[in-house]
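Novice: pasting the structure only:
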């Protein structure tokens, strides 16, 4: 057979392979002359076959391959061993620049051909560069990790420690050898084997890939009791696979300081209230004997006048005047202490201003005349009336006028009253101008500072009823206005009172718009006015309506809870993770993320799902509210572990506990029955609220699992009935809601709430009582972390 | 001569006010607590009642509510006497059914004006309702 075509085929085949290879290849004869090169070679080094073939390798491309290292390889290594591998060569090539080449050489015998040397050149410049970069990054990362003063642990997904940073070893007084490749729970004689940490690492990290600011209090054998703030991130770390970075911040001192601040603040508030109460009581005690002094001296004055005992009349008049003066002082002190205690209230009425001004002028006239002053009254013709606290307006005017009379001698005092429009509002402006001694600018500043403090120096400065100026300012501010002062030494002063012509109600117990001036509750996550939360008393209020938030805050604070609030579901969830409150009240109807969605997120979060939630909603204008009196919520499909936790919490005294499952879906009922019976409970089923009520007549269950949407009588109506029944109201109800509510379902749920509001809406007070009852039910201490 | 019922637990206040009113020509009868005040309002049928608010047994607000709720006594004007011009006290007094209020210590001329106005009004009412009967 003629074999030539076959050999040709193979040669073509080999050449094809050679040309396909993307690595530059050179075929040399044993004299190191180029027999051929592949396409990759020509392309890489920008040369043509004509310049290359039959040339000595060292002559190629102006001698760019004439490299001592290559000479050694080709002339010393190849002849003896016929192969070299991965010779790394760094060289500056004239055309392509500095490159790192990995050279592989083979001496081959190809049939009848004489031996050829195949030289393969792999350009590894980029690879080497990125490897170097990677090493630099790793070193950099390690440097950062070691520099951080917060202890860090790097764990793999089996919770085995890969490494710790310097801070970790120093803080916990352990060595890398005792730490690396150990399970986190084994570290330091098991000091990290903490149930809460297990929950975090085993339940939370696998599902959520990050958790922030988880607070953990624990007795560490070496360090004693510490409060640690844990943060974790799950990282994809290249060939290391998935890693967990666990950062531990020791916040023991910070928490201690916060507690001390809270305690100090509370103590000072109590002290201040005590002081105000003392002043109020004391003023009352002082007034009783004064009443007698004033009364009897007046009486004697009248008798003396009747009997024409003129010498007695004068002296008795002085006793009466002094007694009344002292009484006025005491009343001022009482008013100030009432303002400070937040007990001062406005009594709003409509009244004519000109009559009031004439009345004040008549009263002040004797004081004006005492220093030989003249009083001028200027009333604008359109002055009319105003709505305000008449007594306080009168007192404010009287105080300014008596002040002017005191500091002016043989001059004039003018009271000017005007109605002006400013900032889209109507104002009443009173100006009291005198030609008295006046005040320098620095004294004005001090005067106003003194106003706000109403301290002793103010009293000394003005003598007598000096408190009146401080009171005047407070009164005006209470009515939505203020007092300002313009003065020039030696020329005189003008005090200006500016009050809205219609003062709006600033009710103290009922919430008004004035309480929400935009600076207050709008920022949900960081309210500087929020008191530091006391562990174990914090209730989180999630509601979009500022008035309801405020109402809940006031109510719950009175009940001894510390309250934080959020304006929407998203902020609410964030705050919940941060605070881990003992309970959450959740508004059903909110825009964007409604209560049911928030509830679902709460119950899906391992960290938050055991926090009791009180679902409630209120219709503000009608003062109607509705609290779904549920002790807890579980989402469908029902998880066995959740049920076990709930049973652990609401177990009855004498097992087997009778449990009522109310659901229209028979499959859910039987699934629940199986779970509950396995846990040793006795189960009764009902397919709707009405059937459930009937069954409860026969036997009172110790716990109820309740579906909300059912025919005949739905869960809301049923819960309402149970709550208002004297013997049943304490039975805990666990509401079972569907996971991932559809928009339609949500609308239906909200519709139910509205419907309940329309049919049996209780008053706001009843709602608050329901909330308190619900919180009482949760008085099982919150499982403290650690 | 108009008969005034003064309901006041403080002995000195009672003494002062009753003497001053008697000098102005009123007949003054005295009750020392709210309960006695209500009873005397019924048995003595005074022309006007001066009612202290902080009283033992039943307070002035409660006593006034009871007087204003009873057919026999509801027409008798009641002036509340409060310790200090506290708007809440005032409001509470008016809510309880008082016809007017004044503050202690008493400024006699002002109180007399209020008393005369109320007694005058009461007589007018009686006169007009008598006319209708």
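Specialist: Looks like it arrived, so ask away. Remember, predicted model here, so these are calculated numbers, not experimental data.

Novice: in stretch B:65-73, what's buried?
Specialist: The neighbour-count check on stretch B:65-73 (16 or more other C-beta atoms under 10 Å in any protein chain shown) flags B:65-68, B:73 as buried. Backbone N, C-alpha and C define where each C-beta goes, glycine included.

Novice: pLDDT weak spots in chain B?
Specialist: Counting by pLDDT under 70, the ranges of chain B that qualify are B:84-89, B:124-133.

Novice: ranges for the helices of it?
Specialist: Taking DSSP state H to define them, one finds helices in chain B at B:11-23, B:34-44, B:60-69, B:87-96, B:108-132.

Novice: And the fourth one, what does it pack against?
Specialist: Translated: helix B:87-96. Contacts defined by 3 or more C-beta pairs under 8 Å, 6 or more residues apart in numbering or on different chains; DSSP states H and E place helix B:87-96 against helix B:60-69, strand B:78-82, strand B:100-103.

Novice: Pick the most deeply packed of these.
Specialist: Mean neighbour count, computed with mean count of other C-beta atoms under 10 Å in any protein chain shown, is highest for strand B:78-82 among these, reaching a mean of 23.

Novice: What residues are bridge-paired with residue A:419?
Specialist: residue A:428 (DSSP bridges).

Novice: Over to residue A:183?
Specialist: Bridge pairing for residue A:183 - DSSP bridges - gives residue A:160.

Novice: Quick one: the helices in the stretch 451-600 of chain A, in order.
Specialist: Along the stretch 451-600 of chain A, counting by DSSP state H, counting those that start in this stretch, helices occupy A:456-462, A:467-478, A:546-558, A:569-579, A:595-604.

Novice: got those as CSV, with mean pLDDT and mean neighbour count columns?
Specialist: Converted to CSV, those look like this (pLDDT from 0 to 100; neighbours: other C-beta atoms under 10 Å in any protein chain shown):
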stretch, mean pLDDT, mean neighbour count
helix A:456-462, 43, 15
helix A:467-478, 80, 22
helix A:546-558, 77, 19
helix A:569-579, 86, 20
helix A:595-604, 80, 21
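
Novice: right, so of these, which gets closest to chain B?
Specialist: The closest of the helices of the stretch 451-600 of chain A to chain B is helix A:467-478. By C-beta to the nearest C-beta, the value is 11.2 Å.

Novice: Is chain B within reach of the closest one?
Specialist: No. No part of helix A:467-478 sits near chain B under the criterion C-beta under 8 Å from any C-beta of the partner chain; the closest distance found is 11.2 Å.

Novice: What is that helix packed up against?
Specialist: helix A:310-340, helix A:390-407, helix A:441-453, helix A:456-462, strand A:482-488, strand A:492-500.

Novice: average pLDDT for stretch A:177-185?
Specialist: Averaged over stretch A:177-185, pLDDT sits at 87.

Novice: Please read the previous query as pertaining to stretch A:220-235.
Specialist: 81.

Novice: As JSON lines, the helices and strands packed on helix B:87-96 with distance to chain A would be great.
Specialist: Output for the helices and strands packed on helix B:87-96, formatted as JSON lines (distance: least, C-beta to the nearest C-beta, whole Å):
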{"stretch": "helix B:60-69", "distance to chain A": "16"}
{"stretch": "strand B:78-82", "distance to chain A": "11"}
{"stretch": "strand B:100-103", "distance to chain A": "10"}
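
Novice: So which of those is nearest residue A:260?
Specialist: strand B:78-82 (43.8 Å; C-beta to C-beta).

Novice: can you state the direction angle for that closest one and helix B:60-69?
Specialist: Orientation of strand B:78-82 against helix B:60-69 (axes from the mean of the first three to the mean of the last three C-alpha atoms, to 10 degrees) gives an angle of 170 degrees.

Novice: Next, the angle helix B:11-23 makes with strand B:78-82.
Specialist: 140 degrees.

Novice: and strand B:78-82, which strands flank it?
Specialist: strand B:48-52 (parallel), strand B:100-103 (parallel).

Novice: Of the ones you listed, which is nearest residue A:603?
Specialist: strand B:100-103 (57.3 Å).

Novice: How about the stretch 101-250 of chain A: which residue is closest to chain B?
Specialist: For the stretch 101-250 of chain A, C-beta to the nearest C-beta, closest residue to chain B: residue A:215, 44.7 Å.
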